[in-house]
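# Below is the structure, and that's it, no one-letter string:
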C-alpha cells in the first residue's frame with residue numbers, strides 16, 4: 001500500500017537561491033583555475049557554468065513508509081517544449097529567449113495542477129539549459145547545443161513560488177538523431193547485423209526499413225556512456241536541488257532493463273547514473289519509459305528499473321488500445337502497478353504530443369476519469385501544447401481551468417463524479 005502521510009515541504013526558494021550562489025561560485029573558481037568562460041552581470045535570467053562532480057555511491061530505492069507527494073497531487077501537466085523541431089543554434093536560442101516564464105507559471109497555476117513535467121530536450125540534442133558536461137563532451141561552447149538562458153531554473157523558481165512541483169523529462173540514452181552526439185557521449189552506435197553502421201546511416205531507421213538495423217536505444221548502454229550521462233544529469237540535479245521533485249526518463253528500453261545486472265560489475269552503471277540523477281534531491285521521484293503498452297508504461301509485470309517510483313504511464317487515451325479497438329479503462333485496478341510504485345497515466349489532452357489547439361475531452365469526461373483513477377490510488381498527467389514563447393492555447397487552457405475548479409475532489413481519494 002502507498003502511505004498517505006504528508007510531510008512539510010522544504011523552503012525551496014531559499015534552497016534554490018543557495019544552490020544558485022554555489023553554482024556561481026563554482027563558475028568563478030572554474031574560470032580562474034581552468035580558463036573557463038566568464039559571464040557578464042546576471043539579470044533575472046540565470047546563466048551558469050559549473051564543473052560536474054563525480055557520482056556518489058548508489059543508494060537503494062524507496063525506503064518503506066516514505067511519504068509520497070505525487071500520489072496526492074490531483075493531476076499534472078506535461079509540456080513537450082520545442083523538442084520536435086530541428087532548430088539551428090540561433091533559432092533555438094531565439095525561441096528560448098522569447099519564453100515568458102511568469103505568464104507560463106500563472107497559466108499553470110490557474111489550472112490548479114499539482115505539478116509540471118517539462119522537457120529539457122529530446123532526440124534532436126538541443127537542451128533548454130546550459131550544461132558544461134554536455135558541452136565538453138561535444139567540444140562546443142554554451143549556446144550551440146544548449147541554450148544560453150537557463151530556462152529550467154527560471155521555470156522551477158516561478159512554479160515553486162506558486163507551490164507547483166517540477167519534474168524534468170530527459171532521455172535515458174543519448175539524443176538519437178545525431179550519430180556524432182551518440183558517439184561523443186559514449187553511447188552504443190547504431191549497428192547493422194551487429195557491426196557499427198557508420199556515420200552515414202539514418203540513426204532513426206528501423207529493421208523493417210534496413211535489414212539487421214538496431215538503434216542505439218535497442219542495445220545495452222556502455223559503462224562509459226553511463227558515466228558521461230551521469231555527469232550531464234548530475235550537473236543539472238545539483239544545480240536545481242529540491243526545486244526539481246522528479247525525473248521522467250524516456251527511451252529506457254527493455255535492452256537497458258535487461259542490462260542492469262550485468263552492468264553492476266562495472267565501475268559506472270545504472271546505479272551510479274541514478275545516484276548522480278538524485279545527487280541534488282535524494283527524494284526525487286523517478287519514472288522510466290519503454291513504450292505505450294500497459295505492460296511497459298504501467299509496469300504490470302514489474303519495474304523497468306529497480307529505482308522506479310512511479311509509472312511512466314505513456315498512452316494515447318484513457319482506454320487500453322487493442323487489435324479490436326478500445327479495451328479496458330486504464331485504471332490502477334485494471335492494470336495494477338508494483339507495490340511501492342505510484343500508478344501514473346500520461347496522455348495528450350489535445351491532438352497529440354505537444355500538438356493541437358483544442359481539448360479532445362470535455363470537462364466532465366476529464367473529471368470523471370481523473371476522479372476514478374484518484375479513488376484507486378493513481379494520478380494523471382495531461383500533455384499540453386505550448387508555443388515557443390510559453391503560451392498555452394486559449395481553448396485548452398479554458399478546459400483545464402474548469403477542471404481545476406474541482407481539484408479538492410480530484411485528489412481526495414474518493415469518488416465524486
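Thanks, I have the structure now. Not measured: the values here are computed from a predicted model.
# Name the residues that touch stretch 188-206?
Under the contact criterion CB atoms under 8 Å, 6 or more residues apart in numbering, stretch 188-206 has outside partners 123, 176-180, 182-183, 209-216, 219-222, 225. In short, each C-beta sits where N, CA and C put it, glycine included.
# let's see it at 7 Å
176-177, 179, 182-183, 210, 212-216, 219-222 (CB atoms under 7 Å, 6 or more residues apart in numbering).
# okay, how far is it across that stretch, tip to tip?
16 Å (CA to CA, to the nearest Å).
# now do stretch 314-324
20 Å.
# Could you list the buried residues of it?
Within stretch 314-324, the residues that qualify as buried by neighbour count (16 or more other CB atoms under 10 Å) are 314, 315, 317, 318, 319, 320.
# Among the residues you listed, which pair sits farthest apart?
Using CB to CB, these reach their maximum pairwise distance at 314 and 319, which is 14.1 Å.
# if we can go back for a sec, show me which of the contacts of stretch 188-206 are buried.
Buried members of these, scored by 16+ other CB under 10 Å, are 176, 179, 182, 213, 214, 215, 216, 219, 220, 221, 222.
# What is the neighbour count of the nearest residue to the second one once chain neighbours are set aside?
The shortest distance from residue 179 to any residue that is not its chain neighbour, by CB to CB, 6 or more residues apart in numbering, is 4.6 Å, and that residue is residue 199. When neighbours are counted by other CB atoms under 10 Å, residue 199 registers 13.
# Looks to me like residue 320 is in a helix.
No. Per DSSP: H, G, I helix; E, B strand; the rest coil, residue 320 lies outside any helix segment and is strand.
# what distance separates the strand or helix carrying residue 108 from the centre of its chain?
If you go by DSSP states H and E, residue 108 is part of helix 101-111. Distance of helix 101-111 from the chain centroid (CA atoms, centre = their mean, to the nearest Å) equals 19 Å.
# So which residues make contact with it?
Contacts for helix 101-111 (CB under 7 Å, 6+ apart): 77, 116, 154-155, 158-159, 162, 164, 390, 392, 397, 400-401, 403-404.
# Which ones among those lie within helices?
154, 155, 158, 159, 397, 400, 401, 403, 404 (DSSP state H).
# Could you find which two of the residues you listed are furthest from each other?
Spanning the widest gap among the ones in helices among the contacts of helix 101-111 are 154 and 403, at 26.1 Å by CB to CB.
# who's more crowded, these two?
For residue 154 versus residue 403, neighbours defined as other CB under 10 Å are more numerous around residue 403 (26 against 19).
# if I pick that one, what's in contact with it?
By CB under 7 Å, 6+ apart, the contact set of residue 403 is 111, 363, 366, 367.
# ok, and the most crowded of these?
residue 111 leads the contacts of residue 403 on contacts (other CB under 10 Å) with 26 neighbours.
# where does the residue positioned nearest the centre of the chain fall, phi/psi-wise?
Nearest to the geometric centre of the chain sits residue 169, at 1.3 Å (CA atoms, centre = their mean). Here is the backbone geometry of residue 169 (degrees, to the nearest 10): phi -90, psi 130.
# re the thing from before, for the buried ones among the contacts of stretch 188-206, which one is nearest residue 376?
Among these, and counting by CB to CB, the member closest to residue 376 is residue 221, at 34.5 Å.
# How about that closest one, nearest residue that isn't a chain neighbour?
Spatial nearest neighbour of residue 221, excluding adjacent residues (CB to CB, 6+ apart): residue 256 at 5.8 Å.
# Pull the number of nearby residues for the one you found.
24.
# what kind of secondary structure is it in?
With three-state DSSP as the criterion, residue 256 reads helix.
# Please report how far it lies from residue 193.
Using CB to CB, to the nearest Å, residue 256 is found at 21 Å from residue 193.
# returning to that earlier point: let me know the closest of the buried ones among the contacts of stretch 188-206 to residue 340.
residue 221 (24.8 Å).
# surely that closest one meets residue 255?
No. Applying CB atoms under 7 Å, one finds residue 221 not in contact with residue 255, separated by 8.4 Å.
# and residue 238, what helix or strand is that in?
helix 223-240.
# Sorry, slip of the keys, the one I care about is residue 381.
Using DSSP H and E, the element containing residue 381 is strand 378-383.
# Please apply the same query to residue 326.
Going by DSSP H and E, residue 326 is part of strand 325-329.
# What strands line up against that strand, and which way round?
Here strand 325-329 has these sheet partners by DSSP bridges: strand 319-322 (antiparallel).
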